[in-house]
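Prediction below, plus the sequence it came from.
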Amino acid sequence: MAMIIAIDGPAASGKGTLGRRLAAHFGLPHLDTGLLYRAVAHHLISAGEALDDVAAATAAARALDLQRLDDAALRGRAMGEAASIVAAMPSVREALVALQRAFAGQPGGAVLDGRDIGTVICPGADVKLFVTASAEERARRRWRELVARGEPADQAAILEDIRRRDQRDAERPTAPLAVASDAHRLDTTHLDADGAFAAALGIISSVMASRTKS
Ligand code: CDP
Ligand code: CDP
């Protein structure tokens, strides 16, 4: 039976980590949709275009190829901030809808994580998770990642980045970060990645069990 798992949540809540683990567990493909917006921003920056150039951003989004998402160049902190600027453009979002839905529509299903998966991209997903954690805990996670990579980092500046990005994502008029009415909230403030994975598995099995009964 095909199963689509939609995971949404704010920056550094653990969506990507959880998505990867659930995908491996269920043998499903996984798409971190933040990479799409990061790739659009990266394209503009590499081409010397302004980040607020809607026509250039839309053209970059239309030309995006899922097979050619270069992870390493897209992962940095600055690219997350740049991604949230192009992600607020309705024409950029529109250009990326078909590609995400095609990914979700694979025969066995898929796991997608982002900001609008349960609300816009896959409103009919079998299971919707909304992953959260306090802004302070999320900033600590990002800080730990940077330190582990040997990059100097200031926790207060990261917290400020996270708050600014959350606000931009939640307040934009098109596909804002929002909890779908049928999403299951998963607060990971006091959970490590193993704990979040176990809690998500519990939610998924109870949702699927109640489906089978009805
Ligand atoms: O990993 P992190 O949560 O920091 O960021 P990301 O998921 O890679 O997303 C980067 C930015 O892309 C977000 O701040 C959003 O503005 C945007 N995004 C979006 O608008 N919709 C999505 N489905 C995924 C990301
Ligand atoms: O995709 P998103 O930006 O929501 O977060 P992530 O990149 O999956 O996770 C950010 C960092 O938090 C990673 O280093 C994870 O190992 C760590 N973490 C987690 O993913 N889940 C927890 N419950 C606790 C920590």
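Okay, I see it. Ligands and ions are numbered 1, 2, ... in the order given.

can I get the CA coordinates of the least confident helix or strand in the chain by mean pLDDT in CSV?
Ranked by mean pLDDT, DSSP states H and E, the weakest helix or strand in the chain is helix 71-74, scoring a mean of 83. Taking C-alpha atoms only, helix 71-74 is exported to CSV below (Å, rounded to 0.1, in the frame of the first residue of the first chain):
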residue,chain,number,x,y,z
ASP,A,71,23.8,19.3,-1.4
ALA,A,72,27.1,20.6,0.0
ALA,A,73,26.8,24.0,-1.6
LEU,A,74,23.2,24.4,-0.5
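
Please enumerate residues in contact with it?
35, 38, 39, 42, 79 (CB atoms under 8 Å, 6 or more residues apart in numbering). C-beta: built from backbone N, CA, C; applies to glycine.

The helix or strand just after it near ligand 1 anywhere?
Downstream of helix 71-74, the first helix or strand assigned by DSSP states H and E is helix 77-86. Yes. For helix 77-86 and ligand 1, the contact criterion (CB under 6 Å from any ligand atom) is met by 80, 83, 84.

Adding neighbour count, write those residues out as JSON lines.
Output for the residues of helix 77-86 next to ligand 1, formatted as JSON lines (neighbours: other CB atoms under 10 Å):
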{"residue": "80", "neighbour count": "20"}
{"residue": "83", "neighbour count": "23"}
{"residue": "84", "neighbour count": "24"}
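
just the strands in this structure please.
Secondary structure of the chain by DSSP state E: the strands cover 3-8, 30-32, 109-114, 127-132, 184-187.

How about the contacts made by residue 92?
Counting by CB under 8 Å, 6+ apart, residue 92 touches 37, 40, 54, 57, 58, 61, 86.

Okay, now stretch 177-193: how far is its last residue from its first?
From its first residue to its last, stretch 177-193 covers 22 Å (CA to CA, to the nearest Å).

Of all residues in the protein, which one is nearest the centre?
residue 114 (2.3 Å; CA atoms, centre = their mean).

Number of residues surrounding the residue nearest to it when sequence neighbours are not counted?
Leaving aside its sequence neighbours, residue 114 sits nearest to residue 33 (CB to CB, 6 or more residues apart in numbering; 3.5 Å). The number of residues packed near residue 33 is 24, by other CB atoms under 10 Å.

Kindly report the same for the one 4 residues further on.
Residues near residue 37, counting by other CB under 10 Å, number 28.

show me the contacts for it.
Counting by CB under 8 Å, 6+ apart, residue 37 makes contact with 83, 84, 86, 87, 92, 96.

how many neighbours does the closest residue to residue 184 other than its chain neighbours have?
Leaving aside its chain neighbours, residue 184 sits nearest to residue 203 (4.8 Å; criterion: CB to CB, 6+ apart). Residues near residue 203, counting by other CB under 10 Å, number 15.

and if you look at residue 172?
Neighbours of residue 172 (other CB under 10 Å): 17.
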